[in-house]
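J.: Fold the following.
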Amino acid sequence: MKNYFLLVLLAIFFNCKNTDKNISESIITKEFTDFNQIEPLLNYNKVSDTVLYGNLNFPGFGILHLQKENVDLILFNKITLDSFQNRTYTILDMLAIQNLKQNEFITIGYCEFENEQNENLIAIVDKTYSISIERINAAWQVNTVTRKIESITDLSSIKCVNELYD
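T.: Residues are numbered from 1 along each chain as shown. The predicted model follows:
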């Protein structure tokens, strides 16, 4: 009976652990004009989205932040325009963030990296009532060359401003 109970616990653990990987594998390379067109994203709500111009005249890439219960999904998308200037998004990479603490939020595009504004930065930061964010807990950068979301390990050269500051 102990072995059976242990097997059930392990099955639940691994099943829950792989959920984000399964979502990621099922949506990478999917195209959409509205994220609700992709079935695994139906129950998510849009928190924010931003476009990345780089050195182009039109946005070539975008970052979409979705949320459902205690899961935040960050989608890195390529943007293409049809002859009527309608946007189509292709999912290049995805970042799943689970169980943010009560005092944390996700900021996208409001950070500097090595003293230069960087619209490609995603960070988990502590909430604050000042304009300058004091504590950065994790950070990633979308890389338009590799088309991946890459983790930043050295957070000391990142500074963020509080987009919620009034």
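J.: So which residue is smack in the middle of this protein?
T.: Geometric centre of the chain, nearest residue: Ile74, 1.9 Å, by CA atoms, centre = their mean.
J.: show me the contacts for that one.
T.: 63-66, 94-97, 106, 108, 122, 140, 149 (CB atoms under 8 Å, 6 or more residues apart in numbering). C-betas here are computed from N, CA, C, even on glycine.
J.: wouldn't Thr50 be in contact with Ile63 here?
T.: Yes. Using CB atoms under 8 Å, Thr50 is in contact with Ile63, at 5.2 Å.
J.: what's the average pLDDT for stretch 132-141?
T.: What stretch 132-141 shows for mean pLDDT is 94.
J.: Can you give me the end-to-end span of that stretch?
T.: One end of stretch 132-141 sits 20 Å from the other (CA to CA, to the nearest Å).
J.: what does stretch 104-114 give?
T.: 23 Å.
J.: Can you list the buried residues in it?
T.: 104-111, 113 (16 or more other CB atoms under 10 Å).
J.: Report how many residues lie close to Leu73.
T.: 23 (other CB atoms under 10 Å).
J.: who's in contact with the closest residue to it other than its chain neighbours?
T.: Excluding the flanking residues, the one nearest Leu73 by CB to CB, 6 or more residues apart in numbering is Leu66, at 4.5 Å. Leu66 makes contacts with 35, 41, 44-47, 72-75, as judged by CB under 8 Å, 6+ apart.
J.: cool, and Ser157?
T.: 113-115.
J.: go with 6 Å
T.: Contact analysis of Ser157 by CB atoms under 6 Å, 6 or more residues apart in numbering lists Glu114.
J.: Which stretches in this structure count as helices?
T.: 2-17, 19-27 (DSSP state H).
J.: least reliable of those going by mean pLDDT?
T.: Among the helices of the chain, helix 2-17 carries the lowest mean pLDDT (a mean of 43).
J.: so where is the protein shaky, pLDDT-wise?
T.: 1-22, 24-25, 166 (pLDDT under 70).
J.: Can you give the domain ranges for it?
T.: Split into domains by automatic domain parsing, the chain comes to 1-99, 101-166.
J.: which of the residues in stretch 150-166 are buried?
T.: For stretch 150-166, by 16+ other CB under 10 Å, it's 152, 158-162.
J.: Just the ones in strands from these, please.
T.: 152, 158-160 (DSSP state E).
J.: ok, back up a step: now the residue nearest to the centre of the chain, which residues is it bridged with?
T.: His65, Leu95 (DSSP bridges).
J.: Okay then, goodbye and thanks.
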